[in-house]
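[1] Prediction below, plus the sequence it came from.
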Amino acid sequence: MSTSANTGVVSTRYWHRLDDGRLQCDLCPRHCHLREGQRGLCYVRQRLDDEIKLVSYGRSSGFCIDPIEKKPLNHFYPGSAVLSFGTAGCNLACKFCQNWDMSKSREMDTLADAASPAKLARVARQENCLSVAFTYNDPIIFHEYAIDVAAACREAGIFTVAVTAAYIDPEPRVEFFAAMDAANVDLKAFSERFYRKICGGALAPVLETIEYIHRETDVWLELTTLLIPGENDSDAELHEMTQWVVERLGPDVPMHFTAFHPDWKMRDKPPTPGATLTRARNIARANGVRFAYTGNVHDSDGSSTWCPQCGALLIERDWYRLGRWHLQSAGHCVDCGYALPGRYLDQPGHFGPRRIPLQLNRY
């Protein structure tokens with residue numbers, strides 16, 4: 001891979017030439033067909049010099065230190081700090097996007113901050129972050145940059161987290177998830193209609209990637225579904241989704257049900273009532289999901305972790321703040337010895353609900 005440090009442009013390898021002279025991008029199921037100068041729907045992969053290049057390498061729309069629970073990850077080093085960043089663009093077109101100012105950006109000026117992989121790893125260590133998260137927009141579209149950052153972090157003893165919609169082709173996903181330590185996959189709904197109408201994509205490739213992550217990698221996996229009134233929150237769809245999770249992934253993959261608020265191109269929909277999240281959580285638990293959570297609301301019961309063996313409160317949460325910690329020996333219930341699935345230290349982190357913006361040019 002060749003890199004131009006001045007322009008943030010790197011060569012990529014997931015593409016091939018078509019008979020009509022166009023180049024097909026093979027990174028994700030969109031398979032954009034590009035003539036010279038054209039960009040894919042993601043906007044950051046462009047045909048230049050008769051090849052497809054990533055034009056946002058090493059550039060970000062912003063950096064921030066967050067609690068890991070905000071990703072959300074509840075079973076991956078709870079209470080720890082994570083250095084979060086994103087770039088611009090996205091390979092889906094979700095009408096409800098909550099980060100549309102970055103993910104839907106068509107202005108490269110959005111990418112105001114620059115950071116090499118080595119610098120990101122160094123800053124994460126300096127700021128006592130246990131991990132670096134690729135978030136705000138989908139890291140799949142900046143595949144090469146994310147993998148290089150992950151390699152630098154791994155060398156520095158820092159974990160990496162992908163917050164992703166998992167809309168990726170089989171070959172590049174092997175390389176991508178081999179570099180990651182944890183992933184929260186945004187399972188947007190459980191119908192092809194929703195993915196086609198609301199997201200401009202397809203459900204089947206997402207389900208295939210979720211199964212791949214769970215069965216073929218060591219990546220810690222959690223799922224999130226943003227519930228939108230009247231679109232993906234019916235009892236029937238929630239039953240189908242949660243039954244699929246238990247049947248294909250098992251009962252231990254955590255599921256987060258989070259609240260929609262009107263944004264981007266879906267401002268006509270009302271915010272999600274808290275009762276909807278509780279209903280979804282109850283359906284998931286009734287279908288065998290052991291760790292179902294409510295998010296984006298103050299609901300200590302629904303956001304806390306309970307022992308499925310003895311019923312003890314293991315990790316108390318209120319929003320992003322941890323309370324009672326009832327684990328010992330890196331993740332075992334104090335009362336019954338149950339080994340809580342996930343990644344844990346002997347003691348929780350104490351970062352709390354803070355959000356600390358960073359300017360990397362100061363480091």
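    The structure has been received and is ready for your questions.

[2] All the helices of the chain, residue numbers only.
    Using DSSP state H, the helices of the chain run over residues 100-103, 117-126, 143-156, 170-178, 192-194, 204-216, 235-249, 274-286, 300-303.

[3] now the strands for the stretch 51-200 of the chain?
    Assigned by DSSP state E, counting those that start in this stretch, the stretch 51-200 of the chain shows strands spanning 51-54, 59-60, 62-67, 81-86, 113-114, 131-134, 159-164, 182-186.

[4] outside of the fourth one, which residues touch it?
    Taking CB atoms under 8 Å, 6 or more residues apart in numbering as the criterion, the residues outside strand 81-86 that touch it are 60-68, 70-71, 99, 102-103, 115, 120, 123-124, 127-137, 139, 161, 349, 351, 358. Quick note: C-beta positions are derived from backbone N, CA and C, even for glycine.

[5] if we go to 6 Å?
    Identification of contacts with strand 81-86 by CB atoms under 6 Å, 6 or more residues apart in numbering yields 60-61, 63-66, 68, 102, 124, 129, 131-133, 135-137, 351.

[6] Direction included, what does that strand pair against?
    Taking DSSP bridges as the criterion, strand 81-86 sits next to strand 62-67 (antiparallel), strand 131-134 (parallel) in its sheet.

[7] Can you say which of those is packed in most?
    Of all these, strand 131-134 has the most neighbours on average by mean count of other CB atoms under 10 Å, namely a mean of 25.

[8] if I pick the closest residue to residue 155 other than its chain neighbours, what's in contact with it?
    Of all residues not flanking residue 155 in the chain, residue 121 sits nearest, at 7.0 Å (CB to CB, 6 or more residues apart in numbering). Each residue near residue 121 by CB under 6 Å, 6+ apart is listed here: 152, 153, 156, 158.

[9] who touches stretch 162-176?
    Against stretch 162-176 from outside (CB under 6 Å, 6+ apart): 14, 26-28, 71, 91-92, 134-135, 138-140, 143, 180, 183-186, 201, 206, 209-210.

[10] That one: end-to-end distance?
    One end of stretch 162-176 sits 9 Å from the other (CA to CA, to the nearest Å).

[11] Show me the shaky parts of the stretch 151-300 of the chain.
    Low-confidence segments of the stretch 151-300 of the chain, defined by pLDDT under 70, span residues 264-265.

[12] Now with 80, please.
    Applying pLDDT under 80 to the stretch 151-300 of the chain flags residues 262-267.
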